[in-house]
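# Predicted model follows, preceded by the sequence.
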Amino acid sequence: MDPTPIRHEWKSRAEPGGLHLFDRVTGLNVLLDEIRVAPQHWSTAPRQVSVALTNACDLSCSFCFAPKRRAELPFETLIQWLVELDEDGCLGVGFGGGEPTKYPRFVDLCRLTARRTQLAVTFTTHGHSFDRSLAAKLKGSVHFIRVSMDGVGTTYEALRGRPFSEFLVRLDVIKSVAPFGINFLVNAQTIPCLDTAARIAGDFGAAEFLLLPEREAGSARSGDTATALQLRSWVERYRGSVPLSVSETDSDGLPTCSPFRPDDDRLGAYAHVDAQGVLKPTSFDEKGIAIGEGGIRRALRVLRDNERQGPT
């Protein structure tokens, strides 16, 4: 028996469905639905917020929908937003971009967020910036890493413009930092690679295999119907060792479940901040609320009011 005790960092959050307990170290979620919380005491921040730190990226993937105009969030302002989100019941922040490791003070940001808040710190990366030095600096300040792997072998190389063998070397470094998952873009080019990709994810010890059906640029709509049907068939046949997941917006037609009540408004679950400091319901939304001097707390109130009123 392993004598090392499991360390827990529990955080509580009041929701329409009850009292939500989250441990950022293990990733364990517990929903105590027998505990009813009055609406005035519900947490006001989303469970999860994604933040595009910068639009900068050293790759030029044709399918990428991230804005190409230069933008970068100011460090001190960002720290203040994260403190506000933590105080208001947010459970985790996911840093993205662009490529988040290109953010000038990325290591400092992860360290300060982990130390000053109870937020789970995650980020999504293409992986090619990783070396042993960066891994050592991030260890202990990151709770989960999402790594984009779009296809395998020559398919990956055609889409990403980097050797797949180099990606696997970087992946071996990444897994030394924190638990990680694979983000897999699904389109007509990559869907034949699913079996091999899932096997590689298992071989490297991935905790999750996240399916991301490709979306049309500037649209919330996913790709072609034939690929969607192939994906559903693959999911139904899947017997791999790595758990599958899919984002809520991409879950149509796939076997999914959610422990949360359907009357929880969508800003209770998730929100996105782009690299220009605009708060949006999702990264696919074109419009949002600029986070001004009132901070992200105020911007969330305004955005939630706008969502309740509907389109004008």
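Right, received. Where do you want to start? Numbers count the residues shown, from 1 in each chain.
# where along the stretch 201-312 of the chain do the strands fall?
Remark: strands assigned in the stretch 201-312 of the chain by DSSP state E, counting those that start in this stretch are 208-213, 244-246, 270-273, 278-280, 289-290.
# can you redo those strands as CSV with mean neighbour count?
Heads up, the C-betas are built off the backbone N, CA and C, glycines and all. Listed next are the strands of the stretch 201-312 of the chain as CSV, based on neighbours: other CB atoms under 10 Å:
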stretch, mean neighbour count
strand 208-213, 21
strand 244-246, 17
strand 270-273, 23
strand 278-280, 20
strand 289-290, 16
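# Throw those strands into CSV and include mean pLDDT, thanks.
Formatted as CSV, the strands of the stretch 201-312 of the chain follow (pLDDT from 0 to 100):
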stretch, mean pLDDT
strand 208-213, 94
strand 244-246, 91
strand 270-273, 95
strand 278-280, 97
strand 289-290, 96
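# mean confidence score for stretch 16-29?
Average pLDDT, stretch 16-29: 93.
# Quick one: distance of that stretch to the chain centre.
17 Å (CA atoms, centre = their mean, to the nearest Å).
# State the pLDDT value of S219.
46.
# Kindly report the same for the one 3 residues further on.
The predicted structure scores S222 at 51 on the pLDDT scale.
# And for S258?
According to the prediction, S258 has pLDDT 61.
# Ok, G253 next?
Per-residue pLDDT puts G253 at 65.
# on that earlier part again, if we compare the strands of the stretch 201-312 of the chain, which one ends up closest to V93?
strand 270-273 (9.3 Å; CB to CB).
# where's the closest one relative to the chain centroid, distance-wise?
10 Å.
# With stretch 149-156 instead?
Using CA atoms, centre = their mean, the offset of stretch 149-156 from its chain centre is 21 Å.
# Over to stretch 165-182?
Distance, centroid of stretch 165-182 to centroid of chain: 17 Å (CA atoms, centre = their mean).
# Start and end of it, how far apart?
Start to finish, the residues bounding stretch 165-182 are 16 Å apart (CA to CA, to the nearest Å).
# how deep is the nearest residue to R111 once chain neighbours are set aside tucked in, by neighbour count?
Once flanking residues are discounted, R111 sits nearest to S141: 4.5 Å by CB to CB, 6 or more residues apart in numbering. Residues within reach of S141, counting by other CB atoms under 10 Å, total 18.
# cool, and A178?
Residues near A178, counting by other CB under 10 Å, number 19.
# thinking again about what came up before, mind checking what secondary structure the residue nearest to R111 has?
Following DSSP: H, G, I helix; E, B strand; the rest coil, S141 is assigned to coil.
# quick one, which of the strands of the stretch 201-312 of the chain is nearest to T77?
strand 270-273 (10.8 Å).
# Does L300 touch L279 like I think?
Yes. Shown here, L300 and L279 form a contact pair, counting by CB atoms under 8 Å, at 6.7 Å.
# which residues are common contacts for those two?
A271 (CB atoms under 8 Å, 6 or more residues apart in numbering).
# returning to that earlier point: surely the residue nearest to R111 and A120 touch.
No. Counting by CB under 8 Å, A120 is not a contact partner of S141; they are 11.3 Å apart.
# give me the number of residues near the residue nearest to V107 when sequence neighbours are not counted?
Spatial nearest neighbour of V107, excluding adjacent residues (CB to CB, 6+ apart): K137 at 4.7 Å. By the criterion of other CB under 10 Å, K137 has 15 neighbours.
# Regarding K137, what is its secondary structure?
Three-state call for K137 (three-state DSSP): helix.
# Check the gap between the residue nearest to D150 when sequence neighbours are not counted and A197 for me.
Spatial nearest neighbour of D150, chain neighbours left out: L185 (4.1 Å); criterion: CB to CB, 6+ apart. Using CB to CB, to the nearest Å, L185 is found at 10 Å from A197.
# ok, now E15?
Distance of E15 to A197, computed by CB to CB: 34 Å.
# of the two, who's got more company?
A side-by-side neighbour count of E15 and A197, using other CB under 10 Å, places A197 first with 26 against 19.
# Tell me who's in contact with the more buried one.
M149, G151, V152, I182, F184, T190, F209.
# now do S283
S50, A52, F65, H272, D274.
# Lowest-confidence one in these?
F65 (65).
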